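Q: predicted model follows, preceded by the sequence.
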Amino acid sequence: MEGVWRGMEECHRLGLARAIGVSNFSAKKLEHLLSLAAVRPAVNQVEVNPIWQQRTLREVCRREGVQLCGYSPLGAKGTPWGSAAVMDSAVLQEIAGAKGKTLAQICLRWLNEQGDVLLVKTYNEKRMRENLDIFNWELTDEERERISQMPQQRGLPGLEFISDHGPYKSVEDLWDGDGVWRGMEECHRLGLARAIGVSNFSDKKLEQLLSFAVVRPAANQVEMNPMWQQRKLREVCRREGVQLCGYSPLGAKGTPWGSAAVMDSGVLHDIAQTKGKTLAQICLRWMYEQGDVLLVKTYNENRMKENLDIFDWELTEEERDKISKLPQQRGLTGMQFVCDNGPYKCVEDLWDGA
Ligand SMILES: NC(=O)c1ccc[n+]([C@@H]2O[C@H](COP(=O)([O-])OP(=O)(O)OC[C@H]3O[C@@H](n4cnc5c(N)ncnc54)[C@H](OP(=O)(O)O)[C@@H]3O)[C@@H](O)[C@H]2O)c1
């Protein structure tokens, strides 16, 4: 916990985040965080609604000056993380009926009166207006009392994190067979996504997906750079018409998912020097010549210009040959997903041996 928080504090210090906060933190986790935080969390975003009122956590948040933000204020009926308990509550229905308000308004007003920030979602304009119409009336003491007596039950039990075989589910479990892809196809059919794709898919996973996909993946975004060239995957992608997109094209030096192997490569350094280009440009040009989409990240304006200046020159056969011979090593090993009692006993399991 401390490592991640220190990173977030650093973002705050650099002005990259105006405030930093947490989500789904219990009172215990929040108190632990507060014991080590130099920059205190501004908010804690958790499930809050009349059926999951978060009394203890609200007390801790108030005492410590952390704003409680409530998600699923209407119980998120019909989603995997919610239930019908709020929207079907007879008590709330009665209160709403007697008051001439909707059940949703009763919930939102209740949260507002607790002093919580509330995060309600609707795509429906009429309901947006309804959800905003909670500020010029209030609940009576009797109504508040009835709500406070409601039996409590969490909408998001977190059962998906509990399993007999260790802390992690496999990618296959998370994909629920074809379940996730069918949902993505439906988004595509409804016009909510122009195209759909995947990330970090091995050639094996991609071929499995292609065997049942009705809408084919447009892209597969994976780590790619001269030190991790993805030759086999590129072949499969080309054959199947899936655009390969490379992240960490410079090796993402200094990040938890990258290494210095690319930026410190003697071979790339020599090529760059002889050619009067930067090492970064050599990497990016190499990827461009492979026909890959490349996703390079910089916050620096000069480097943005440098990274774009790769289109009116090319690598020689000899340079390409030298790059093709570079020893291969993945930056994002995925070691954090490997454990003795989880689905992945070694890194090769995670990446399907690739
Ligand atoms: N789908 C996934 O699982 C996944 C995983 C990892 C990353 N990504 C995405 O891929 C994108 C890029 O990858 P990345 O950030 O991992 O790696 P990257 O682009 O290889 O490396 C970024 C680092 O290179 C530096 N840099 C950029 N241009 C440079 C240049 N011309 N000379 C020297 N240094 C330069 C940047 O520093 P400065 O900013 O200081 O210039 C930054 O530290 C990001 O948008 C990221 O979100 C996706």
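A: Here it is on my side, so go on.
Q: burial measure for the closest residue in space to Ala37 that isn't next to it in sequence, as a count.
A: With sequence-adjacent residues excluded and distances taken as C-beta to C-beta, 6 or more residues apart in numbering, Ala37 is closest to Trp5, at 6.1 Å. Any C-beta I mention is one placed from the backbone N, CA and C, and that applies to glycine too. Neighbours of Trp5 under the rule other C-beta atoms under 10 Å: 17.
Q: domains of this protein: list them as residue ranges, please.
A: Domain assignment for the chain, taken from automatic domain parsing, gives 2-159, 164-350.
Q: so which of those gets nearest the ligand?
A: Nearest to the ligand among the domains of the chain is domain 164-350; the distance by C-beta to the nearest ligand atom comes to 3.2 Å.
Q: now the stretch 251-354 of the chain, which segments are flagged as low pLDDT?
A: Residues of the stretch 251-354 of the chain meeting the criterion pLDDT under 70: none.
Q: which ones are touching the spatially closest residue to Leu295 that is not a sequence neighbour?
A: Spatially, and ignoring its direct neighbours in sequence, Leu295 is nearest to Tyr247 (4.8 Å; C-beta to C-beta, 6+ apart). The contact partners of Tyr247, by C-beta atoms under 8 Å, 6 or more residues apart in numbering, come to Gln221, Val222, Glu223, Met224, Leu295.
Q: doesn't Cys245 make contact with the second one?
A: Read that as Val222. Yes - look at Val222 against Cys245 with C-beta atoms under 8 Å: they come within range, at 7.4 Å.
Q: of those two, which one has the most company?
A: Neighbour count, other C-beta under 10 Å: between Val222 and Cys245, Val222 has more, with 24 against 20.
Q: and the more buried one, what are its phi and psi?
A: Phi and psi for Val222, reported as degrees, to the nearest 10, are phi -140, psi 170.
Q: on that earlier part again, redo the domains of the chain as a markdown table? Include distance to the ligand.
A: A markdown table is the format used below for the domains of the chain (distance: least, C-beta to the nearest ligand atom, whole Å):
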| stretch | distance to the ligand |
| --- | --- |
| domain 2-159 | 11 |
| domain 164-350 | 3 |
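Q: tell me the secondary structure for Asn249?
A: I think there's a mix-up here, since residue 249 is Pro and not Asn. Here Pro249 is recorded as coil under DSSP: H, G, I helix; E, B strand; the rest coil.
Q: skipping adjacent residues, who's closest to Asn307 in space?
A: Per C-beta to C-beta, 6+ apart, closest to Asn307 is Val296, 5.2 Å.
Q: for that neighbour, what are its contacts?
A: Val296 makes contact with Pro249, Leu250, Ala280, Leu284, Asn307 under the criterion C-beta under 8 Å, 6+ apart.
Q: what pLDDT does the model give the first one?
A: Here, the pLDDT recorded for Pro249 equals 97.
Q: can you count the residues close to it?
A: Neighbours of Pro249 (other C-beta under 10 Å): 25.
Q: which residues of the stretch 251-354 of the chain fall in strands?
A: 293-295 (DSSP state E, counting those that start in this stretch).
Q: Leu111 and Asp173, how far apart?
A: To Asp173, Leu111 is 34 Å away according to C-beta to C-beta, to the nearest Å.
Q: higher neighbour count, those two?
A: Neighbours per residue, other C-beta under 10 Å: of Leu111 and Asp173, the larger number sits with Leu111, 24 against 13.
Q: so what's the more buried one closest to, chain neighbours aside?
A: Closest to Leu111 by C-beta to C-beta, 6+ apart is Leu118, at 4.4 Å.
Q: so that neighbour, which of the three states?
A: Assignment for Leu118 (three-state DSSP): strand.
Q: which strand residues bridge it?
A: Under DSSP bridges, the beta-bridge partners of Leu118 are Gly70.
Q: the most centrally placed residue in the chain: what's it in contact with?
A: Nearest residue to the geometric centre of the chain (C-alpha atoms, centre = their mean): Ser199, 12.1 Å. Shown in contact with Ser199 (C-beta under 8 Å, 6+ apart): Asn220, Gln221, Val222.
Q: quickly name whichever of those is closest to Gly158.
A: Each of the contacts of Ser199 was scored against Gly158 by C-beta to C-beta, and Gln221 proved nearest at 28.3 Å.
Q: outside of the helix or strand hosting Trp110, which residues touch it?
A: Per DSSP states H and E, Trp110 falls inside helix 103-114. Under the criterion C-beta under 8 Å, 6+ apart, residues 48-50, 58, 68, 70, 73-75, 86-87, 89, 92-93, 95-96, 99, 101, 118, 120, 127, 130-131, 133-135, 137-139, 143-144, 147 lie in contact with helix 103-114.
Q: one more time with 6 Å
A: Under the contact criterion C-beta atoms under 6 Å, 6 or more residues apart in numbering, helix 103-114 has outside partners 49-50, 70, 73-74, 92-93, 95-96, 118, 131, 134, 139, 147.
Q: so which bits of that helix are buried?
A: Leu103, Ala104, Gln105, Ile106, Cys107, Leu108, Arg109, Trp110, Leu111, Asn112, Gln114 (16 or more other C-beta atoms under 10 Å).
Q: likewise for stretch 178-193?
A: By neighbour count with 16+ other C-beta under 10 Å, stretch 178-193 contains the buried residues Trp181, Met184, Glu185, His188.
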